[in-house]
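Colleague: Build me a model:
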Amino acid sequence: MEQSIIQTEYSELMQKSYIDYAMSVIISRALPDVRDGLKPVQRRTLYDMYELGIRYDKPYRKSARIVGDTMGKYHPHGDSSIYDALVVMAQDFKKGLPLIDGHGNFGSIEGDGAAAMRYTEARLQRVTQEAYLADLDKDVVDFMPNFDETEKEPVVLPVKVPNLLINGAEGIAVGMATSIPPHNFGEVIDGVIAYMKNPDITTAEMMQYIPGPDFPTGGIVANKDDLAAIYESGMGKIKIRGKVEVEKQKGGKERLVITEIPYTMIGANIGKFLNDVYNLVETKATSDIVDITNQSSKEGIRIVLDLKKGADIDALENLLYKKTKLEDTFGVNMLAVADGRPETMGIVPIIRHHVKFQYEIATRKYNTLLQKELDRKEIQEGLIRACNVIDLIIEILRGSRNIKDAKACLTEGNTDNITFKNPASKVMAQQLNFTERQAQAILEMRLYKLIGLEIEALMKEHDETLANINKYQDILEHRSSMAKVIIKELQAFKKAYGKERKTVIDNLKEAVVVAKQIKEQDVVFLMDRFGYAKTVDVSVYERNKETADAENRCIFKCKNTDKICIFTDKGQLHLLKVLDLPYGKFRDKGTPIDNVCNYDSKEENFVYITSLAHVSCSKVLFGTKQSMLKVVDGAEFVVAKKTTAATKLMDEDEVLTVQVLDGDETLVMASAKDMFLRIDCGQIPQKKKMAVGVRGMKLGAGDELKHIYVLHEGETKEVEVKDKMIALQRLHVGNRDTKGVKK
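Modeller: Numbers count the residues shown, from 1 in each chain. Below is the predicted model:
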């Protein structure tokens, strides 16, 4: 075997090899693509999960299974890099929009590592399926061979939101690095829509929609005025601070509580911050700190600094900002792969690339859909024509020896090998000119399709197909129509997945704490039969009203700034803030009502739950088993205590009903011995909340009330007594403190 020796300059060979290696690292490993905002390892992991069918509504699968499959098919660079990428995409304290739903120990904000991949499980988030992986079956992106050319993988995912800005990016390549901060989902969507409406938008105008980063850890951006230059050039430094609150203690002492940390403090830097504070005390840089404790939990960050009496709060805050990681710098370098090469871009060019990509995938999507509709139209027109000459087609099929002869007749009018009983049919058959697709559809058509209703359905389906063709052609031919479709989809994503901003943006020359503003809004309180309570948006409730009414026993509208009143059979009133209840998706489980207030379901039973705003401006009726009645002014229940006595009870008595009155109600008392008395609620006197009340019904020996019914004007209600139905509204209205009637 002959050998050929190539003589070359060693320095040139090294230079070429190093450049090839560097570009491989830059393009294929370290930097995200500007179109989908993902690095190759992230893209391959998400695509592999999509291929494995690990959807948001399917069971979790072992992380080891996902990692192994991804490594074997698409990413042959070791399992640790794949698992690390999977873990980060599941951590809500690192990603503004987590793409993976992790189950198990996926690490903590304090730097605890995730459990081994054999212990954890994962699946896709719903937003990932809807906004990152949808339409892959519609030829919207190119596919390329994997490393051993046994599989195909997408060159880029058809991500419909600007993920590069939403989740940010970090990566170290050869000779360059990227560092892009995360932004608020809803604000970025607004920015994209603004660009689509005005492609000449400036950076300053764009910042009206995207004012700055929105870190998952919250905190404060302290150099607002520098952001315009950073977003214009794509490079710069953002000064970020933790959020500090001052809490008053007994004896005039105060404490500093850190409730939000800088994004750069995630992980080991929390421990370093604690050590830095210890060093400040040991080196006597400050004598104001008495103790420091880290009370952080899954609910959030809480680092408490106990201070001595008379401590200088402002000076101490400035010291912490200057000497610890409580104030840090986030270096911005918005570097990503654009058109196959790394490029540092400002915020408008990033959105420009994203919008260009959206038009590309929308064009490919609707071309695919249009072609499918055209194919469907061809078949439908063939079937409609066939229904008009069905007798002829049946005669052709009966006279054919095989499918080939029948198809030749249908497509070419060739009747040589077909026997006809009627000569006229042969002449008609020679005029047939169905297409191949149409002929095949006719041959495969079942006889029940000849039913009148089926033919009508075919015509209706054909009309729908024509409408879809016109719609898709309009979208493809007019850029404005395509823009409307894209904008509508973006607005739907914002509505479904948008969240309030966590990071405050301001110009801070000194330690200024910006109090978190609570935006007042209407919510719906839901509590199921197991005592799990939550609040949801009014629109969410309206969309799921039938299911919500069936699954929950307590439902009412209130403000998120309001309080909930829980009246119990022991005569107690428990108050809890609406904000203490979980607010979110309709299918979220909620939290046990016992966990957020002093109500104990093992010791007492709730009688009535409503909002304090509803109670405070109304008259409240109380009725007990021993037939004690009273009306209380609801303003008496506006108290600061979490638990207070709502009414006074006699021995062995308990509250049977609590109702807010409108003014025109009647009351029906039903005893255990089937005595009924209906009275007008106007007969019940108004008392103070600590009064016992007056007797509503004279009870016989050993008798007690079992039910108290409040009937509003015009309301009808029937109850069963000894196998017969009693219409309560037909009972005679009597006087209070009488025996009633036997039923």
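
Colleague: Of all residues in the chain, which one is nearest the centre?
Modeller: Y497 (4.5 Å; Cα atoms, centre = their mean).

Colleague: lowest-confidence helix or strand of the chain?
Modeller: The weakest-scoring helix or strand in the chain, judged by mean pLDDT, DSSP states H and E, is helix 10-25 (a mean of 61).

Colleague: in which helix or strand would I find Y56?
Modeller: Secondary structure assignment for Y56, by DSSP states H and E: no helix or strand.

Colleague: how much space between it and A122?
Modeller: Distance, Y56 to A122, using Cβ to Cβ, to the nearest Å: 11 Å. C-beta: built from backbone N, CA, C; applies to glycine.

Colleague: out of these two, which sits in the busier spot?
Modeller: A122 (27 against 14; other Cβ atoms under 10 Å).

Colleague: Could I get the full set of helices for the stretch 251-400 of the chain?
Modeller: Listed in chain order, the helices of the stretch 251-400 of the chain (DSSP state H, counting those that start in this stretch) span 268-282, 313-323, 347-388, 390-399.

Colleague: And Y532, its phi and psi?
Modeller: When read as degrees, to the nearest 10, the backbone of Y532 gives phi -90, psi 120.

Colleague: Contacts only, for it.
Modeller: When contacts are counted by Cβ atoms under 8 Å, 6 or more residues apart in numbering, Y532 touches 589-593.

Colleague: can you do 7 Å?
Modeller: Contacts here follow Cβ atoms under 7 Å, 6 or more residues apart in numbering; on that basis Y532 touches 589-592.

Colleague: swap in G104?
Modeller: Going by Cβ under 7 Å, 6+ apart, G104 touches 115, 119-121.

Colleague: What does the pLDDT read for the nearest residue to it once chain neighbours are set aside?
Modeller: The shortest distance from G104 to any non-neighbouring residue, by Cβ to Cβ, 6 or more residues apart in numbering, is to T120 (3.7 Å). Looking at T120, its pLDDT reads 96.

Colleague: How many residues are close by T120?
Modeller: Neighbourhood size, T120 [other Cβ under 10 Å]: 23.

Colleague: so it makes contact with D101?
Modeller: No - contact between T120 and D101 fails when scored by Cβ atoms under 7 Å: they sit 11.3 Å apart.

Colleague: returning to what we had before: distance of the residue nearest to the centre of the chain relative to A228?
Modeller: From Y497 across to A228, the span is 28 Å (Cβ to Cβ).

Colleague: What of L612?
Modeller: Distance, L612 to A228, by Cβ to Cβ: 45 Å.

Colleague: So those two - more neighbours on which side?
Modeller: L612 (22 against 17).

Colleague: list the contacts for that one?
Modeller: By Cβ under 7 Å, 6+ apart, L612 lies in contact with 562-563, 565, 575, 637-638.

Colleague: ok, of those residues, which one's closest to R695?
Modeller: Distance to R695 across the contacts of L612 (Cβ to Cβ) is lowest for F637, with 23.7 Å.

Colleague: What separation do you get for that closest one and S611?
Modeller: Going from F637 to S611 by Cβ to Cβ gives 11 Å.

Colleague: from the contacts of Y532, which is closest to R341?
Modeller: R341 lies nearest to K589 out of the contacts of Y532, by Cβ to Cβ, at 48.2 Å.

Colleague: So what's the predicted local confidence for the closest one?
Modeller: K589 is assigned a pLDDT of 85 by the prediction.

Colleague: Identify the bridge partners of the closest residue to it other than its chain neighbours.
Modeller: Using Cβ to Cβ, 6+ apart and skipping residues adjacent in sequence, the residue nearest K589 is Y532, 5.7 Å away. Beta-bridge pairing of Y532 under DSSP bridges involves P592.

Colleague: Return the residues in contact with the residue nearest to G104.
Modeller: Listed by Cβ under 7 Å, 6+ apart, the contact partners of T120 are 63, 102-106, 114.

Colleague: Report the buried members of those residues.
Modeller: Listed as buried from the contacts of T120 are 63, 102-104, 106, 114; burial here means 16 or more other Cβ atoms under 10 Å.

Colleague: Save the residues you listed as JSON lines, and put in distance to G696, secondary structure and pLDDT too.
Modeller: Conversion of these to JSON lines gives the following (distance: Cβ to Cβ, whole Å; DSSP: H, G, I helix; E, B strand; the rest coil; pLDDT from 0 to 100):
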{"residue": "S63", "distance to G696": "64", "secondary structure": "helix", "pLDDT": "95"}
{"residue": "G102", "distance to G696": "57", "secondary structure": "strand", "pLDDT": "94"}
{"residue": "H103", "distance to G696": "55", "secondary structure": "strand", "pLDDT": "95"}
{"residue": "G104", "distance to G696": "57", "secondary structure": "coil", "pLDDT": "93"}
{"residue": "F106", "distance to G696": "59", "secondary structure": "coil", "pLDDT": "94"}
{"residue": "A114", "distance to G696": "63", "secondary structure": "coil", "pLDDT": "92"}
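
Colleague: and of the residues you listed, the nearest to M196?
Modeller: Using Cβ to Cβ, those come closest to M196 at G102, 34.0 Å.

Colleague: count of neighbours near the closest residue to that closest one other than its chain neighbours?
Modeller: Spatial nearest neighbour of G102, excluding adjacent residues (Cβ to Cβ, 6+ apart): A90 at 3.5 Å. For A90, the neighbour count with other Cβ under 10 Å is 24.

Colleague: Could I get the buried residue list for stretch 325-335?
Modeller: Buried-residue list, stretch 325-335, by 16+ other Cβ under 10 Å: 325-328, 330, 332-335.
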